[in-house]
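>>> Starting from these lines, generate the structure:
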Amino acid sequence: MREVFEEAEEVGDEFGIAPLTKALLSDTPPSGRELAAGSVGTPQLALFCSSIAVHRALCSVGLAPDAVLGVSFGEIAALTAAGVFEVAEGARIACLLARQLALCEGGMTLVGAGEADTEVLLRRTGSPALALASVNAPDECLVSGPLPELRTLEELAARRGVAAARLRLPFSSHHPALTGPADAFAAGIGHLAPRPARVPVHSAVHGGPYGPRDDVHRGLANCLIHPFRLPPVLHRITAGDRALFLEAGTGQALTHSIRQTLPPEAAGAHAPLADPAFPWPRPGPPAAHRPHTDLAALWSHHHDHPHAAAR
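Residues are numbered from 1 along each chain as shown. As a prediction, this is how the structure comes out:
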C-alpha cells in the first residue's frame with residue numbers, strides 16, 4: 001500500500017488531494033464517506049491505488065494473473081496492472097475522470113431483476129431520461145439517470161416486489177447523455193501513450209479483450225456513456241477452462257456477480273481484501289507451480305459500494 005500510494009502522491013498533490021498513505025495505513029483509516037468529503041478525486045485515487053496494491057500483493061505471493069478484467073472505473077487499474085500505464089499515469093487518469101464525474105448529475109439505482117424485467121420497469125416509468133447502465137448478473141442490473149426519475153423507478157419496483165437500492169454515488173454514469181464529459185475526458189488523457197499490455201486486458205464495456213489496434217483512451221471514455229453486460233464477458237473468459245477470479249478492489253460485489261453468473265465448475269471467485277478469511281499464501285514457489293494458476297484479476301468501480309439491500 002505504502003509503495004503504490006507514494007508512486008501516486010505527486011499526482012495527488014497536483015490535484016489538491018491530501019496525502020493518503022498515513023491516513024489509510026493508520027489504526028483508524030477514513031471511511032468511504034470521509035474520503036468522499038475530501039477534494040475532488042480523493043475517493044477515486046484511493047480506490048485506484050488500493051486496487052493496484054492488492055494486485056501487487058497477489059503477485060508477490062505467486063498469484064500473478066494470466067489476464068485482467070476491468071469494469072467501468074476499474075479499467076484504469078486493470079490497464080495499469082497489465083503495464084499499459086504506469087502507476088502515476090493511472091493515478092492521473094483516475095483524477096481526471098473524477099473531475100468529469102463531478103459534472104455528471106444524477107445517480108444510479110441497483111435493481112434486483114434481470115435485463116428483460118428491468119427494461120419493463122424502465123418502459124413503465126415513461127421516462128426517456130433513464131438508461132440501463134449495466135447487467136451485473138442474470139438477476140441484477142443498474143439503472144442510471146436523473147434523481148426524480150430514479151425515485152419513480154424505485155417506487156414502481158417496490159410496488160412490483162422488486163428490490164431496488166440507490167447507490168451511494170453522487171453522479172450518474174453509463175448514460176448516453178454524458179457525451180460531453182466523455183469527450184472531454186478522452187481529450188484530457190490523450191497525451192498519455194499506452195504501452196503493449198503484458199497480459200490480455202478484458203473490458204466489460206468493450207465486451208471483450210482490447211486488441212492492439214483498439215483505442216484505450218476512447219475505451220475508458222466510453223465507460224461514461226456505454227452500458228455493459230458482464231455475464232457474456234465472463235462466459236467468454238471462461239470458455240473451455242476453469243478460471244479463478246480474484247477481485248482486486250475494496251469490496252466483493254463483483255465476486256457475488258461471478259458466483260451468480262458462472263457455475264462452480266466453471267469458476268471460483270474470491271475478494272481477498274474484503275474477506276478476512278482469505279488464505280493469503282506465504283511467498284514460495286512461482287505461480288506456475290501452484291494450483292489454480294488460470295487466474296484473472298478483477299477491478300470495479302460502482303459496484304464496490306455497500307448497497308446490500310438489493311443484492
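
>>> For the rest of this, base every contact and every neighbour count on C-alpha atoms.
Noted.

>>> could you say what helices and strands the one helix or strand Phe185 maps to packs with?
Here Phe185 sits within helix 179-189, counting by DSSP states H and E. Counting contacts by 3 or more CA pairs under 8 Å, 6 or more residues apart in numbering; DSSP states H and E, helix 179-189 packs against helix 87-101, helix 216-222.

>>> out of those helices, deepest packed?
helix 87-101 (a mean of 23; mean count of other CA atoms under 10 Å).

>>> thinking again about what came up before, in a markdown table: the helices and strands packed on helix 179-189, plus mean pLDDT and distance to Val205.
Shown next, in a markdown table, are the helices and strands packed on helix 179-189 (pLDDT from 0 to 100; distance: least, CA to CA, whole Å):
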| stretch | mean pLDDT | distance to Val205 |
| --- | --- | --- |
| helix 87-101 | 97 | 16 |
| helix 216-222 | 98 | 7 |
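
>>> Let's have the ones you listed in a markdown table, adding distance to Leu47.
Conversion of those to a markdown table gives the following (distance: least, CA to CA, whole Å):
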| stretch | distance to Leu47 |
| --- | --- |
| helix 87-101 | 9 |
| helix 216-222 | 16 |
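
>>> From Val68, how far off is Val233?
From Val233 over to Val68 the distance is 12 Å, taken as CA to CA, to the nearest Å.

>>> neighbour count winner among the two?
Val68 (28 against 20; other CA atoms under 10 Å).

>>> Would it be right to say that the more buried one lies in a strand?
Yes: counting by DSSP: H, G, I helix; E, B strand; the rest coil, Val68 is found in a strand.

>>> what separates it from His206, distance-wise?
In terms of CA to CA, Val68 sits 13 Å off from His206.

>>> again with Arg92
On the measure of CA to CA, Arg92 and His206 end up 22 Å apart.

>>> likewise Ala36?
Counting by CA to CA - Ala36 and His206 are separated by 28 Å.

>>> who's more crowded, those two?
For Ala36 and His206, the more surrounded residue by other CA under 10 Å is His206, and the numbers stand at 22 against 16.

>>> Surely that one touches Gly219?
Yes: using CA atoms under 8 Å, His206 is in contact with Gly219, at 6.7 Å.

>>> can you map out the helices along the chain?
For the chain, applying DSSP state H gives helices covering 2-14, 21-24, 32-36, 42-60, 75-81, 87-101, 115-125, 147-159, 179-189, 216-222, 230-238, 253-261.

>>> can you put those helices in TSV and add distance to Val201?
As requested, these are exported to TSV (distance: least, CA to CA, whole Å):
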stretch	distance to Val201
helix 2-14	21
helix 21-24	28
helix 32-36	28
helix 42-60	14
helix 75-81	7
helix 87-101	15
helix 115-125	25
helix 147-159	33
helix 179-189	19
helix 216-222	10
helix 230-238	11
helix 253-261	17
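
>>> Can you say which of these is packed in most?
Buried most deeply of those, by mean count of other CA under 10 Å, is helix 75-81, with a mean of 29.
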